[in-house]
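In: coords below, sequence missing:
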DNA sequence: CGTGCTATATAGACCAGTCGTCATAATATC
DNA sequence: GATATTATGACGACTGGTCTATATAGCACG
């Protein structure tokens, strides 16, 4: 790969990592540049819109990685229950791998910049729509209308997103795993499995940088 | 009230408002000072720990206000279902009042500073524990163990927190109200009431600044 | 009431960091 | 070699958070 493509990609990767861990505003360009190894002027060359454009790219990229992870799980797990459980387990594994320092790769940036930055906001909305697409596809296997599946998918995403905040603050994966236990369509199933997962099982899926 | 107490309180109020809307790092002290009317040097007088100490106070204060709102709803609504519905309706009303510019009064700050700032992180954890206390108290009315009630309360908070993110990005209260519809202990109840609430009913409860 | 002392509050200097610009340098192409 | 395209680092205006000498307020005493 030529330097050009490396620089641009490294900038996005570093931005993803830093925005995820500490947010958008406190991730200064100098820090991003130092971590990515890209020259300063190149940043504006590749991202003429500046920091905001870089964030838009980072949100888009990180969101796509999560969507791909979700799609892989959707392929592997046929039932909504199994899928939801695997989703939560994956998020818990990432959380542990980051030593409880990183959560959702786009939430912090979105909270800081919505609606003040229309570009970042729109990128976030597209990303979330993509996630809803995948998850509602899985839920639709369990029956119900497309509208219901999308509502439910949205609530699942909300619950997982919120549980990532709690997991970081409380330094525990329990909030994440509890989502699977309490949100599954058939109340009461799998308490034992949720407890087993809390004992540190890892996943080898590629994670968004963080 | 003397100027002293006014300045300190105004600083906290302004910090709460700005942190909620745009996050911690992008809320500069100059902006907080301008909005609060407090003299610059007073900030360090009242908050010797500087910006971080101000954020800790803002998180504590905002969290307490939410806890009081939750306690009021818990008093007013006897069943877990009615409580959850009222909680979501209240959050949706605040969201609309802020024109989708503010969500949870502590989440953004926590995401930016956890675990890098132990003080803010600990304040956030205390706040969340307080919320769990109130909500699990309500849930316990519906039966089940104290442990179950706390797990469920935590998941409810997670779902609501996550739904606030989605509501902001998607500029819609639907994610918030869907939480009530999909998380209530008795699946299938109140679809009609959820739709009626989405039509703009307002609450007069005092909201955290935002 | 005036004075002196102590406690509380503040204005502004300080220095480091922020982001964006653009003339220039480097590279690619013919 | 000349020209076009791509990439870059120095610069500058501005903002960031912190600190401290100074100002102000409160209180006790004669």
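Out: Nice, I can see it. Keep in mind that what you see is a predicted model, and the values were worked out from it rather than measured.

In: so for residue A:177, what's the pLDDT?
Out: On the pLDDT scale, residue A:177 is placed at 97.

In: so where's chain A shaky on pLDDT?
Out: A:1-4, A:184-210 (pLDDT under 70).

In: tell me which stretches of it form helices.
Out: Counting by DSSP state H, one finds helices in chain A at the ranges A:3-22, A:29-36, A:40-46, A:51-76, A:80-97, A:107-113, A:118-139, A:146-170, A:174-183, A:191-197.

In: check these for me and report the most buried one.
Out: Sort those by mean neighbour count, taking mean count of other Cβ atoms under 10 Å in any protein chain shown, and helix A:107-113 sits at the top with a mean of 28. In short, each C-beta sits where N, CA and C put it, glycine included.

In: report whether it contacts DNA strand D.
Out: No. Figure legend: helix A:107-113 not in contact with DNA strand D (Cβ under 7 Å from any atom of the strand); closest approach 13.4 Å.

In: how much space separates residue A:127 from residue A:70?
Out: Distance of residue A:127 to residue A:70, computed by Cβ to Cβ, to the nearest Å: 11 Å.

In: make JSON lines from the helices of chain A and add distance to residue B:6 to it.
Out: Output for the helices of chain A, formatted as JSON lines (distance: least, Cβ to Cβ, whole Å):
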{"stretch": "helix A:3-22", "distance to residue B:6": "33"}
{"stretch": "helix A:29-36", "distance to residue B:6": "38"}
{"stretch": "helix A:40-46", "distance to residue B:6": "44"}
{"stretch": "helix A:51-76", "distance to residue B:6": "37"}
{"stretch": "helix A:80-97", "distance to residue B:6": "42"}
{"stretch": "helix A:107-113", "distance to residue B:6": "29"}
{"stretch": "helix A:118-139", "distance to residue B:6": "36"}
{"stretch": "helix A:146-170", "distance to residue B:6": "31"}
{"stretch": "helix A:174-183", "distance to residue B:6": "38"}
{"stretch": "helix A:191-197", "distance to residue B:6": "50"}
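
In: okay if I get those as CSV plus distance to DNA strand C?
Out: As requested, those are exported to CSV (distance: least, Cβ to the nearest atom of the strand, whole Å):
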stretch, distance to DNA strand C
helix A:3-22, 8
helix A:29-36, 3
helix A:40-46, 4
helix A:51-76, 4
helix A:80-97, 26
helix A:107-113, 12
helix A:118-139, 12
helix A:146-170, 22
helix A:174-183, 31
helix A:191-197, 38
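
In: of all those helices, which lies closest to residue B:86?
Out: helix A:146-170 (17.8 Å; Cβ to Cβ).

In: is chain B contacted by that closest one?
Out: Yes. For helix A:146-170 and chain B, the contact criterion (Cβ under 8 Å from any Cβ of the partner chain) is met by A:151-152, A:154-155, A:157-163, A:165-166, A:168-170.

In: centre of chain A to the edge, which residue is at the far end?
Out: Ranking residues of chain A by C-alpha distance from their mean position (Cα atoms, centre = their mean) puts residue A:41 at the top, at 29.5 Å.

In: in chain A, what residue is nearest DNA strand C?
Out: Residue of chain A nearest DNA strand C, by Cβ to the nearest atom of the strand: residue A:28 (2.3 Å).

In: what about that residue, neighbour count?
Out: 12 (other Cβ atoms under 10 Å in any protein chain shown).

In: for residue A:91, which non-adjacent residue is spatially closest?
Out: Counting by Cβ to Cβ, 6 or more residues apart in numbering or on different chains, residue A:176 is the residue found nearest to residue A:91 once chain neighbours are left out, at 5.3 Å.

In: my bad, should have said residue A:104
Out: Using Cβ to Cβ, 6+ apart, the closest residue to residue A:104 is residue A:164 (5.1 Å).

In: that neighbour contacts residue A:98, doesn't it?
Out: No. Residue A:164 lies out of contact with residue A:98 (Cβ atoms under 8 Å); the separation is 10.5 Å.

In: for DNA strand D, what's its nearest residue on chain A.
Out: For chain A, Cβ to the nearest atom of the strand, closest residue to DNA strand D: residue A:41, 2.3 Å.

In: which residues touch that residue?
Out: Applying Cβ atoms under 8 Å, 6 or more residues apart in numbering or on different chains, we find residue A:41 in contact with no residue.

In: quick one: it and chain B, what's the gap?
Out: For residue A:41, the distance to chain B (Cβ to the nearest Cβ, to the nearest Å) stands at 24 Å.

In: just residue A:40 next, same as before
Out: Distance from residue A:40 to chain B, by Cβ to the nearest Cβ: 21 Å.

In: next up, the contacts around that residue.
Out: A:29, A:33.

In: how does it look with 6 Å?
Out: residue A:33 (Cβ atoms under 6 Å, 6 or more residues apart in numbering or on different chains).

In: with residue A:152 instead?
Out: Contact analysis of residue A:152 by Cβ under 6 Å, 6+ apart lists residue A:139.

In: what does residue A:77 give?
Out: A:83, A:86.

In: which residues of chain A lie near chain B?
Out: Counting by Cβ under 6 Å from any Cβ of the partner chain, the positions of chain A adjacent to chain B are A:22-23, A:25-26, A:107-108, A:110-112, A:114, A:124-125, A:151, A:154-155, A:158-159, A:161-163, A:165-166, A:168-169, A:175, A:178-179, A:182.

In: returning to that earlier point: phi and psi next, for the residue of chain A closest to DNA strand C.
Out: When quoted as degrees, to the nearest 10, the phi and psi of residue A:28 stand at phi -70, psi 160.

In: distance of it from residue A:182?
Out: To residue A:182, residue A:28 is 40 Å away according to Cβ to Cβ.

In: returning to that earlier point: distance check, the residue farthest from the centre of chain A against residue A:48.
Out: Taking Cβ to Cβ, one finds residue A:41 at 12 Å from residue A:48.

In: how about residue A:108?
Out: 24 Å.

In: before we move on, what about residue A:34?
Out: 22 Å.

In: repeat for residue A:126
Out: 20 Å.

In: could you do residue A:81 as well?
Out: Taken as Cβ to Cβ, the span from residue A:81 to residue A:48 is 46 Å.

In: who are the contact partners of residue A:156?
Out: residue A:135.

In: redo that, cut-off 10 Å
Out: Residues near residue A:156 by Cβ atoms under 10 Å, 6 or more residues apart in numbering or on different chains: A:80, A:83-84, A:87-88, A:131-132, A:135-136, A:138-139, A:179-180, A:183-184, B:159, B:162, B:182.
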